[in-house]
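Peer 1: can you look at this prediction? I've put the sequence above it.
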Amino acid sequence: FIPGVRDKIDHMEAATPRTIERYTLHPSSFGTKFEGLKCSMDLPNQLPGCYHAGSVGIIMSGWLGAMNYGVIVANNIDKFLHENRAAAGRTSA
């Protein structure tokens, strides 16, 4: 639990393989976990402040990979927020 985090999230989605199958009538997503991982990891470089976490895990895929990758992405977001907060403090002084 992170107090106040909901106020900082503009958009959030969650899905499972069953969700994908239901809405697309196709039970899988694109590519391999390694192809998806590169897209996911490059996203903040292409769109600063936009992050993705899902089962494109570094070590494994599935729910455990999603949890593992979620922790990694949460750490990256925390770093991004702290850097921006520090930069904003330097410009307002």
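Peer 2: Structure received.

Peer 1: the helices in the protein, which residues?
Peer 2: Counting by DSSP state H, the chain has helices at residues 17-24, 33-46, 62-92.

Peer 1: wait, Val56 sits on Tyr69?
Peer 2: Yes - counting by CB atoms under 8 Å, Val56 does reach Tyr69; the two are 6.5 Å apart. Yep, even glycine has a C-beta here, placed from its N, CA and C like the rest.

Peer 1: so what sits against both of those two?
Peer 2: Residues touching both Val56 and Tyr69 (CB atoms under 8 Å, 6 or more residues apart in numbering) are Ser40.

Peer 1: which one of the helices of the chain lies closest to Val5?
Peer 2: Comparing these against Val5 with CB to CB, the closest turns out to be helix 62-92 (9.6 Å).

Peer 1: who does that closest one touch, helix- and strand-wise?
Peer 2: For helix 62-92, the elements it packs on are helix 33-46, judged by 3 or more CB pairs under 8 Å, 6 or more residues apart in numbering; DSSP states H and E.
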